[in-house]
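1. Sequence and predicted structure are below.
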There are 2 protein chains.
Amino acid sequence: MSLSAVYKKIDEQSDQTVKNLQRLCRQPSVSAQGIGLRECADLVKSMLEESGFNVEIVPLKDGPSVVYGELKSKVSKKTLLFYNHYDVQPPEPLELWQSDPWAAEIRDGKVFARGAADNKGNIASRLAAIRAFLAVNKDVPCNIKFVIEGEEETGSPHFGQFIHEHKKRLSGDGAIWEFGGLDYADVPAVTLGLKGMLYVEYHTKTLRADSHSARAAIVQNPAWRLVQALSTIRDDSGRIMIDGWYDDVREFTPAEIKALDKAPFDEEQLKRDMGVKGFLNGMKGLEVKKALAGYPTANIAGFYSGYIGEGHKTVLPSFASAKMDFRLVPDQEPEKLAKLLRKHLTDKGFGDIEMKIQSENPAARTSLDAEIAKISCDMAKEIFGVEPIVHVGSPGSGPMHLFTSVLKLPTVAIGCNHPFTNTHAPNENQRIDALIICTKWMAAVMNKFGEGRP
Amino acid sequence: MSLSAVYKKIDEQSDQTVKNLQRLCRQPSVSAQGIGLRECADLVKSMLEESGFNVEIVPLKDGPSVVYGELKSKVSKKTLLFYNHYDVQPPEPLELWQSDPWAAEIRDGKVFARGAADNKGNIASRLAAIRAFLAVNKDVPCNIKFVIEGEEETGSPHFGQFIHEHKKRLSGDGAIWEFGGLDYADVPAVTLGLKGMLYVEYHTKTLRADSHSARAAIVQNPAWRLVQALSTIRDDSGRIMIDGWYDDVREFTPAEIKALDKAPFDEEQLKRDMGVKGFLNGMKGLEVKKALAGYPTANIAGFYSGYIGEGHKTVLPSFASAKMDFRLVPDQEPEKLAKLLRKHLTDKGFGDIEMKIQSENPAARTSLDAEIAKISCDMAKEIFGVEPIVHVGSPGSGPMHLFTSVLKLPTVAIGCNHPFTNTHAPNENQRIDALIICTKWMAAVMNKFGEGRP
């Protein structure tokens, strides 16, 4: 297809694209607070239909519906899936916003709204690319399947159910994840994976009610039990001391290490941001990047027991609890690790400590050699004139494994985001220039991907 | 002096004694909330003066005043000191009281009020014994010094200052502590000591603000630091693993072990109350009593870090904090132990963890052979017709060491309290029959003590 005409059309339609983004942003859709989800699903359905999609709203048991759309190409048998989400983070604290988080006000070339960047900007951008193709060619360069869920911001608890139940209709040749875009200095970035997660909560209770701490002489203190138990899980260097924890860890390939090494990373800036003098174990340079992208972690996210107010209280607490998130890497399996963790605690004499799994997600990592990865990089070079940054893995987590492992789709994260979008924070925004240029990048990727027909 | 006439007078004046207790109780005096302390000190001063005492209100720097009274005996050169406190615990939760905590309502032969038992009942009882002596003999059987502070319920933070500054005028031959009285089945009990206390707070901060837990791969988590540090302090059996911690521990004498062995103790009841199947390390019988009376403890009273609400949050906490109370026994010195603890943490690689001492009190234990101890036991037998229970040490703590170590006064805890007084709880009460009979016991002790003149 003639891309220059498509790029021109994207520019011509840019006002419409911004209006579409504002339309999406003006519909609140906060999954954590159960606000506006059905209305937003209906709006997304309408917008997909306006771009020629066959759309179905698929209800989920106990969760908000998934909006699913299909659009067939006349020229290509290749199918590209887009994963997005229509839900957003809560807008609070409201007093820190310079304009109403649902007003989608435009200032300084940016649309300010909760969800403008995460993730409505990417929905608007992908639809804009499709609209330009349809305007120029009355066709799209490959088959498109849109999967847009409504619970990403609360950990996608019911999304696995959707993927497993609709595995067949979700077949395809590659997928593009919800986020991505420009890195610092507006260099395009391609992210190839996410860490997985095993989130557990521990609880231990040794007596009926809080008691006078004089009785510490004769009764076990649950906080001590939990401290002793946790102290066996991870050493001070960050190494997880559970037998077999590292058995299935997939090492980086030489090509991945090369990509990590090449990716820009401002260590000093990160240290300043976090207020730290150095990183764990004095790690530097490539080691820091490898850790962020591919080291399993064991993090205490919360610990509570007894009296935590001002001053002193001599109390023997009746219970103690802790929350831990373990970040996983390919090819660690959360179910297997949960069993290893349980066994470890029992073997160490802490079988009485209750352990509840709150969530589990395997990691995902798409090969640098996958077609969608290569095309994403090549087209970035074409549009931006620079070598893109390749992030072998993002240090964050998400249900990408449902695409890579369950649907077996090579998946990359590219989009129209940029640094300073204030994602999850007040004054979230989407730069309009980034929205438009990245829409061209997306059009180029779709076009190239479809050319391998089949 | 003729004791039978004094006992008769105590009975005759019992209405007045109850009225005096009500008068004291109707004056709120909550040290934790700074309510009514000056008014209560004035009231106590008046009541001492009405019983012939020379009274001084001694202001303390930064704390409520101490009421100090002296009353000379014409017949004896022996001096007995009484330690009491006029402050009380906060009355909350108010909705659980059956009558106003400041109304001092009489029901079922009990005075219900905040402070009725702790510690205004004992002030009223001691003054009642003195009043009876004065009515019968126009004299008291020994010199009396009353030291009544106003901050016991908040840990007596300024009381040491008073004792050190007034050491000379506080000379004497023995002392009676604030609490004590009847045990279960109304058997009188004599308590000879208290544990000491070293209360510390730890704080560790590894980054400026809470961060995304993806960064756990590269930055130290303060909760891990604190868990690892604490895990080196005490093993799972309760043993404190700090070098030198047990060096100064005074062992029980054979006589003390005999007393411990004889003291009644309903293990099964305590287990039921606490909802535990067994005690630490499976200890039983004498071992449990020895632990409560004389084993050092290390108790985690509180631990906080990160996210402790419902559900899961993937946060890398910026700080962690914990509170610990170490119960001490004779002859452990808190300053020395604080240094050992600090050194231990540094030696184990946790020198970066801040440690703040919130309070420190040595333990106190008066010998079974001390005159005041023997007299208390002998007179209990005389008044109640049964062998008293001797508690070699109370598992609780308090500033008794200021009397035993600084003033060098053998000190026992006897008084008019009884089980089920609901001390520190709603519906605190003082049984009137216990108030009166224990006043006779106190009169007998004063009389016998004075007879060794000088």
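-> Perfect, thanks for sending it.
2. When you work out contacts or count neighbours from here on, use the C-alpha atoms and nothing else.
-> Fine.
3. Show me chain A divided up by domain.
-> For chain A, automatic domain parsing gives the domain ranges A:4-192+A:366-451, A:196-249+A:296-361.
4. Looks to me like A:Leu198 is in a helix.
-> No. According to DSSP: H, G, I helix; E, B strand; the rest coil, A:Leu198 belongs to no helix; its state is strand.
5. where does the nearest residue to it once chain neighbours are set aside land in three-state SS?
-> In this structure, A:Leu198 finds its nearest non-sequential neighbour in A:Glu360, 4.4 Å apart by Cα to Cα, 6 or more residues apart in numbering or on different chains. When classified by three-state DSSP, A:Glu360 comes out as strand.
6. just to revisit the earlier point, same list, the domains of chain A, but as TSV with mean pLDDT please.
-> Output for these, formatted as TSV (pLDDT from 0 to 100):
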stretch	mean pLDDT
domain A:4-192+A:366-451	96
domain A:196-249+A:296-361	95
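7. Contacts only, for the residue minimising distance to the centre of chain A.
-> For chain A, the residue nearest the mean C-alpha position is A:Gly398 (4.3 Å; Cα atoms, centre = their mean). Neighbouring residues of A:Gly398 by Cα atoms under 8 Å, 6 or more residues apart in numbering or on different chains: A:Gly155, A:Leu194, A:Lys195, A:Gly196, A:Asn361.
8. on that earlier part again, could I get the domains of chain A in JSON lines, plus columns for distance to B:Trp97?
-> Listed next are the domains of chain A as JSON lines, based on distance: least, Cα to Cα, whole Å:
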{"stretch": "domain A:4-192+A:366-451", "distance to B:Trp97": "40"}
{"stretch": "domain A:196-249+A:296-361", "distance to B:Trp97": "21"}
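9. Nearest to B:Asp186, out of those?
-> Nearest of those to B:Asp186, taken as Cα to Cα: domain A:196-249+A:296-361 at 23.3 Å.
10. So out of everything in the stretch 51-200 of chain A, what residue is nearest chain B?
-> Residue of the stretch 51-200 of chain A nearest chain B, by Cα to the nearest Cα: A:Tyr199 (7.5 Å).
11. Contact partners for that residue?
-> A:Lys323, A:Met324, A:Asp325, A:Phe326, A:Ile357, A:Gln358, A:Ser359, A:Glu360, B:His312.
12. one more time with 6 Å, if that's ok
-> The contact partners of A:Tyr199, taken as Cα atoms under 6 Å, 6 or more residues apart in numbering or on different chains, are A:Met324, A:Asp325, A:Ile357, A:Gln358, A:Ser359.
13. Which residue is the nearest non-sequential neighbour of the closest residue to chain B within the stretch 1-150 of chain A?
-> In the stretch 1-150 of chain A, the residue that lies nearest chain B is A:Ala32 (11.4 Å; Cα to the nearest Cα). Counting by Cα to Cα, 6+ apart, the nearest residue to A:Ala32 once its immediate chain neighbours are dropped is A:Thr154, at 6.1 Å.
14. quick one: that neighbour from A:Pro399, how far?
-> As defined by Cα to Cα, to the nearest Å, A:Thr154 lies at a distance of 12 Å from A:Pro399.
15. who has more neighbours, these two?
-> Remark: of A:Thr154 and A:Pro399, A:Pro399 carries more neighbours, 23 against 17, as counted by other Cα atoms under 10 Å in any protein chain shown.
16. Wait, a strand at the more buried one?
-> No. Using three-state DSSP, the assignment for A:Pro399 is coil, not a strand.
17. now it: how far from chain B?
-> As judged by Cα to the nearest Cα, to the nearest Å, A:Pro399 and chain B stand 15 Å apart.
18. Same question for A:Lys440.
-> From A:Lys440 to chain B the distance is 31 Å (Cα to the nearest Cα).
19. Which of the helices or strands spans that residue?
-> Per DSSP states H and E: A:Lys440 is located in helix A:432-451.
20. Buried residues, that helix. List them.
-> Neighbour-count burial for helix A:432-451 flags A:432, A:434-450 (criterion: 16 or more other Cα atoms under 10 Å in any protein chain shown).
21. Tell me the helices and strands packed up against that helix.
-> Identification of packing neighbours for helix A:432-451 by 3 or more Cα pairs under 6 Å, 6 or more residues apart in numbering or on different chains; DSSP states H and E yields helix A:121-137.
22. got a list of contacts for the helix it packs on?
-> Identification of contacts with helix A:121-137 by Cα under 6 Å, 6+ apart yields A:Val6, A:Lys9, A:Ile10, A:Thr17, A:Leu21, A:Val140, A:Gly415, A:Cys416, A:Thr439, A:Ala443.
23. Just among these, which is most surrounded?
-> Most neighbours among the contacts of helix A:121-137, by other Cα under 10 Å: A:Cys416, with 31 neighbours.
24. Can you tell me the closest non-neighbouring residue to that residue?
-> Nearest residue to A:Cys416, sequence neighbours excluded (Cα to Cα, 6+ apart): A:Gly181, at 4.5 Å.
25. Relative to A:Pro362, how far out is that neighbour?
-> Shown here: A:Gly181 relative to A:Pro362, a distance of 24 Å by Cα to Cα.
26. With A:Ser156 instead?
-> Distance, A:Ser156 to A:Pro362, by Cα to Cα: 13 Å.
27. ok, back up a step: the residue nearest to A:Leu198 reaches A:Val200, doesn't it?
-> No. Counting by Cα atoms under 6 Å, A:Glu360 does not reach A:Val200; the two are 8.8 Å apart.
28. Please say which of the two ends up with more neighbours.
-> The neighbour comparison of A:Glu360 against A:Val200 (other Cα under 10 Å) goes to A:Glu360, with 24 against 21.
29. Residues contacting the one helix or strand A:Thr346 maps to, please?
-> Secondary-structure element containing A:Thr346, defined by DSSP H and E: helix A:334-347. Here helix A:334-347 makes contact (Cα under 6 Å, 6+ apart) with A:Leu198, A:Gly351, A:Glu360.
30. Please spell out which residues along it are buried.
-> For helix A:334-347, the neighbour count (16+ other Cα under 10 Å) marks A:Pro334, A:Leu337, A:Ala338, A:Leu340, A:Leu341, A:Arg342, A:Lys343, A:His344, A:Leu345 as buried.
31. ok, now stretch A:241-259?
-> Neighbour counts over stretch A:241-259 (16+ other Cα under 10 Å) mark A:Ile242, A:Trp245, A:Tyr246, A:Val249, A:Glu256, A:Ile257, A:Ala259 as buried.
32. Assumed the fifth one was part of a strand.
-> No. Using three-state DSSP, the assignment for A:Glu256 is helix, not a strand.
33. for A:Val6, helix, strand, or coil?
-> Per three-state DSSP, A:Val6 ends up helix.
34. Report the contact partners of it.
-> So A:Val6 contacts A:Ala132, A:Phe133 (Cα under 6 Å, 6+ apart).
35. same thing but 7 Å
-> Contact analysis of A:Val6 by Cα atoms under 7 Å, 6 or more residues apart in numbering or on different chains lists A:Ala132, A:Phe133, A:Val136.
36. same thing with A:Ile308?
-> Residues counted as contacts of A:Ile308 (Cα under 7 Å, 6+ apart) are B:Gly302, B:Phe303, B:Tyr304.
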